[in-house]
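Asker: Fold the stuff below for me.
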Amino acid sequence: MAMRIKGVAVILEAASPHSNRDAPATECIANRPIACHALESLAAAGVEGLAVVAPANVIDNVRTCVETEIAAAIDVTYLPQRGRMDLLGALRAAAQFVGEDSAIVHFADGLLAQQLDLAPEILGEDLPDLLLLLHRSGDSREGLAPATQRLLGVSELNGSRNHLALAGVCRFGPGALKRVTESVQDLGCEVDLIAIAQHLAAEGRTLEAAIVSSWRRYRGDPRDLLELNRIALDQQAAQGEPLDRGDNRIEGRVIIDPSADVTSSIILGPCIIGRHARVTSSYIGPYTSIGAGAEIEGAEIVRSIVSEDVRIMHISGRIEGSTIGRRASIFRDFGLPRAVRLHVGEGVEVALDC
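Answerer: Below is the predicted model:
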């Protein structure tokens, strides 16, 4: 009998200090929640069952957020996590769903730079009890400790500026996830992937590690959100039908919702323009997402995330590397006296070039 693979997207954090949404995984990139991209990556890998695990107090909101944007053909089971709020608690919530099958576990607030169906390391059939994916990170704080390197049989190159770090995607062999949840004790400390790997090794189970090109996770830093937006836009398919160019110049992989209105503008992909957005006399550069209902006129925007119902009007400079929250309004005030007038909420970062 062929081995069955289940897919489990895990939401561990219930809230983000930089978001009005319920969890970082529901923050939007390429106009959809990060969790949607993670789930669709799992579905594309050919899993035979797909579940989302989230804290019980937010799972209904997560379901609403995800089901609004995910492809209708993808069937998802929603599993509330109670008790422990760490990875062990999430795996216990998923244990009955996975059963004796193999499982790919994917943190729902991050993405690999490659689709899972293009990662043969994680889709093979002759796999260990736990396969961990590693990537190279420029952040030394994410680097693997020497003991973990020995556990996984990997080592760093002397003098390397990048450090081996854990990606938020792993695969449990047949029945391994269930065994872990039954055998790991209720430790007082947080149980993460490294602790689970150590436990499996102590039981004589098999561990392996494979290196993937890149992994990025969002935990409140807008720079991470912009990088995830880049990853998602790089993976988007080209528009199926030819675009009506009109008086626009449209180049590259550009997705424009049929209900959007784009006139007298230059649009360079990869980028996406959402439902009922209006873009007039503007330049929208690569790696930009324009959310539903946004109104852009007389502006230049590059490598940025513009959320739903944002209004940007006649800005003299270029907006670049920016994240703009829902219903924000940015405009040039021609009245006197000339000044920068801001209404800025708690924790917001504003960089002015003037």
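Asker: Now do residue 332: how many residues are near it, please.
Answerer: The local packing count at residue 332 equals 12, with neighbours defined by other C-beta atoms under 10 Å. Glycine gets a C-beta too; all of them are placed from N, C-alpha and C.
Asker: Sorry, wrong one. I was asking about residue 70.
Answerer: Each residue near residue 70 was counted by other C-beta under 10 Å, and the total is 20.
Asker: In terms of residue numbering, what are the domains of this protein?
Answerer: Residue ranges for each domain of the chain read 5-234, 240-331, as given by automatic domain parsing.
Asker: Redo the ones you listed as JSON lines? Include distance to residue 338.
Answerer: Supplementary listing: the domains of the chain in JSON lines, determined by distance: least, C-beta to C-beta, whole Å:
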{"stretch": "domain 5-234", "distance to residue 338": "28"}
{"stretch": "domain 240-331", "distance to residue 338": "12"}
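Asker: With distance to residue 352 and mean pLDDT as extra columns, can I get these in CSV?
Answerer: Written out in CSV, the entries for these read as follows (distance: least, C-beta to C-beta, whole Å; pLDDT from 0 to 100):
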stretch, distance to residue 352, mean pLDDT
domain 5-234, 16, 87
domain 240-331, 9, 91
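Asker: show me where the stretch 51-200 of the chain has helices.
Answerer: Taking DSSP state H, counting those that start in this stretch to define them, one finds helices in the stretch 51-200 of the chain at 59-69, 87-98, 120-123, 146-152, 176-183, 193-202.
Asker: looking at the ones you listed, which is closest to residue 250?
Answerer: With distances scored as C-beta to C-beta, the stretch of the helices of the stretch 51-200 of the chain nearest to residue 250 is helix 59-69 (23.9 Å).
Asker: by contact count, what packs against that closest one?
Answerer: Counting contacts by 3 or more C-beta pairs under 8 Å, 6 or more residues apart in numbering; DSSP states H and E, the secondary-structure elements packed against helix 59-69 are strand 32-33, helix 34-44, strand 50-55, strand 77-81.
Asker: Can you list the buried residues in the last one?
Answerer: Right, strand 77-81. Neighbour-count burial for strand 77-81, counted by 16 or more other C-beta atoms under 10 Å, picks out 79, 81.
Asker: what angle separates it from helix 87-98?
Answerer: For strand 77-81 and helix 87-98, the angle between their directions (axes from the mean of the first three to the mean of the last three C-alpha atoms, to 10 degrees) works out to 140 degrees.
Asker: buried sites along the longest strand seen in the chain?
Answerer: Identified as the longest strand of the chain according to DSSP state E is strand 163-172. By neighbour count on 16+ other C-beta under 10 Å, the buried set for strand 163-172 is 163-172.
Asker: And that strand, how far out from the chain middle?
Answerer: Here strand 163-172 is found 15 Å from its chain centre; the criterion is C-alpha atoms, centre = their mean, to the nearest Å.
Asker: With stretch 161-174 instead?
Answerer: On the basis of C-alpha atoms, centre = their mean, stretch 161-174 sits 16 Å off its chain's mean C-alpha point.
Asker: Convert the C-alpha atoms of that stretch to CSV, please.
Answerer: Provided in CSV are the C-alpha atoms of stretch 161-174 (Å, rounded to 0.1, in the frame of the first residue of the first chain):
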residue,chain,number,x,y,z
ARG,A,161,28.8,34.7,7.3
ASN,A,162,25.7,32.6,7.0
HIS,A,163,24.6,30.1,9.7
LEU,A,164,22.7,26.9,9.4
ALA,A,165,19.2,27.4,10.9
LEU,A,166,16.0,25.4,11.2
ALA,A,167,13.3,26.0,8.6
GLY,A,168,9.7,25.8,9.8
VAL,A,169,8.9,22.8,7.7
CYS,A,170,9.6,19.1,8.7
ARG,A,171,8.3,15.7,7.9
PHE,A,172,7.5,12.9,10.3
GLY,A,173,7.7,9.3,9.1
PRO,A,174,4.7,6.9,9.3
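Asker: Which neighbouring elements make contact with the lengthiest helix in the chain?
Answerer: Secondary structure of the chain per DSSP state H: the longest helix is helix 222-235. Counting contacts by 3+ C-beta pairs under 8 Å, 6+ apart, helix 222-235 is packed against strand 28-29, helix 34-44, strand 110-112, strand 215-217, strand 305-306, strand 323-324.
Asker: List the beta-bridge partners for residue 143.
Answerer: residue 165 (DSSP bridges).
Asker: thought it was touching residue 165?
Answerer: Yes. Residue 143 is within contact range of residue 165, at 5.8 Å (criterion: C-beta atoms under 8 Å).
Asker: Quickly list what's touching both of the two.
Answerer: Counting by C-beta atoms under 8 Å, 6 or more residues apart in numbering, the common neighbours of residue 143 and residue 165 are residue 137.
Asker: circling back to that earlier point, out of the helices and strands packed on helix 59-69, which gets nearest to residue 100?
Answerer: Set against residue 100 and scored by C-beta to C-beta, the helices and strands packed on helix 59-69 come closest in strand 50-55, at 15.6 Å.
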